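In: Predicted model and sequence below, questions to follow.
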Amino acid sequence: MNKGKKDEFKKLMPESYYSLDSSMSLDKIVRAKKTGNFLVAKVLNLNFSKKCLRVDLGNSFNGEIPLDEFSIYPVIRTNNSISPWVYSFFGKTICVCVRKISDDNTIILSRKANMLKSFNLIEQFKGNVVSCLITSIVDYGLFVDVGHGINSLIHNRKLSLTQINNPKDIGFTVGQSIDAEIISTNSEKYRVSLNHKNLFDNVSKYLTPGDIIEVISLNPVNEDEDGYYAFFNPSTTAIINPIKGIKIPYGSKVKARVKKFKPNHPDKLQLGFISFTV
């Protein structure tokens, strides 16, 4: 990847990573319209009568985004109602392009146009790793912002080397940054396929019995709390063998000794307890 493309790709960050420009000016807005560069805006509210979202561009400059210019994903439902997820953007920052500046100096913006440009950029970087932001967690995976509002689902089977029932079980949280590899894109549905587990090696290749490692404790294996689940990294779970009489709080750092493992089954990693810190 040449330097120019790298610099361009680095600008493709999740929308919430950007802040308003406190020195915003009309000159900057006009320049952005001419160059096609994006601006950062904060969503204020919805104007029902004009069917647009009002946004703050910083330094007392406001703008409007027509609802049909808000996203590459459907905003208006079949019954002409507005999709509820639109309201979740109130108070959040987004990336927009300048469409036009009307005679009364109303600044018309398009988030959709910027998302289309961003998606085209993502298509050029298949096979590269991008920093995503977890926006929601479901039993079967993570929904993430790949950059400038482009959404993707990382399914559990592409999230972890081990079998998991819910991403929360191995410590993922909403608002967390996560790296993932761009596998493929679908330009008709604007979908991006990501893979997180490709970034991790099977740790069994590098561990031997007796190695001392640090893990994060999860839930007890049973009601007697004589053993705990833990994770070694975001993609490798383990079991800390029976430790009667010791209760380890969820999320504690645990020093443990590798007891046994199966090279083809990293989820079978067995550990012996040494100590823990909260």
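Out: The structure has been received and is ready for your questions.

In: Quick check, pLDDT for the residue nearest to residue 90 when sequence neighbours are not counted.
Out: Spatial nearest neighbour of residue 90, excluding adjacent residues (CB to CB, 6 or more residues apart in numbering): residue 43 at 5.4 Å. C-beta: built from backbone N, CA, C; applies to glycine. On pLDDT, residue 43 comes in at 98.

In: How about residues contacting the strand or helix carrying residue 43?
Out: Here residue 43, judged by DSSP states H and E, is contained in strand 39-47. Contact with strand 39-47 is made by 18-21, 24, 28-29, 32, 52-58, 62-65, 82, 86-87, 89-98, 109, as judged by CB atoms under 8 Å, 6 or more residues apart in numbering.

In: Tell me the helices and strands packed up against the helix or strand following it.
Out: Downstream of strand 39-47, the first helix or strand assigned by DSSP H and E is strand 52-58. On a contact count with 3 or more CB pairs under 8 Å, 6 or more residues apart in numbering; DSSP states H and E, strand 52-58 meets strand 39-47, strand 61-66.

In: I'd assumed residue 31 was in a helix, is it?
Out: Yes: looking at residue 31 with DSSP: H, G, I helix; E, B strand; the rest coil, it is inside a helix.

In: Touching the helix or strand containing residue 114 from outside, list them.
Out: For residue 114, the element it lies in under DSSP H and E is helix 111-123. Residues outside helix 111-123 that contact it (CB under 8 Å, 6+ apart): 8-9, 12, 36, 38, 65, 68-72, 94-97, 99, 130, 146-150, 182, 185, 187, 190, 192.

In: Give me the buried positions along that helix.
Out: Across helix 111-123, burial judged by 16 or more other CB atoms under 10 Å covers 111-119, 121-122.

In: Please convert those to a markdown table, extending it with distance to residue 168.
Out: Listed next are these as a markdown table, based on distance: CB to CB, whole Å:
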| residue | distance to residue 168 |
| --- | --- |
| 111 | 30 |
| 112 | 32 |
| 113 | 36 |
| 114 | 32 |
| 115 | 29 |
| 116 | 33 |
| 117 | 34 |
| 118 | 29 |
| 119 | 29 |
| 121 | 31 |
| 122 | 27 |
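
In: Just send those residues back as TSV, with distance to residue 260 and pLDDT too.
Out: Formatted as TSV, the buried residues of helix 111-123 follow (distance: CB to CB, whole Å; pLDDT from 0 to 100):
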residue	distance to residue 260	pLDDT
111	53	98
112	54	97
113	56	97
114	52	96
115	49	96
116	52	96
117	52	94
118	47	94
119	47	95
121	46	90
122	42	92
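
In: burial of the residue nearest to residue 90, as a residue count?
Out: By other CB atoms under 10 Å, the residues close to residue 43 number 22.

In: For residue 33, see how far away it is.
Out: From residue 43 over to residue 33 the distance is 20 Å, taken as CB to CB, to the nearest Å.

In: same thing with residue 210?
Out: Taken as CB to CB, the span from residue 210 to residue 33 is 64 Å.

In: who's more crowded, these two?
Out: For residue 210 and residue 33, the more surrounded residue by other CB under 10 Å is residue 33, and the numbers stand at 18 against 9.

In: Isn't the more buried one up against residue 98?
Out: Yes: applying CB atoms under 8 Å, one finds residue 33 in contact with residue 98, separated by 3.9 Å.

In: Report how many residues lie close to residue 78.
Out: Neighbour tally, residue 78, other CB under 10 Å: 6.

In: What does the pLDDT read for it?
Out: pLDDT, read off for residue 78, is 82.

In: Can you tell me the SS state at it?
Out: coil.

In: Can you read off the backbone torsions of it?
Out: For residue 78, the backbone dihedrals (degrees, to the nearest 10) come out as phi -60, psi -30.

In: Look up how far residue 251 lies from residue 241.
Out: Distance from residue 241 to residue 251, by CB to CB: 20 Å.

In: So between these two, which is more surrounded?
Out: residue 241 (17 against 10).

In: pretty sure that one contacts residue 260?
Out: No: judged on CB under 8 Å, residue 241 makes no contact with residue 260 at a distance of 9.4 Å.
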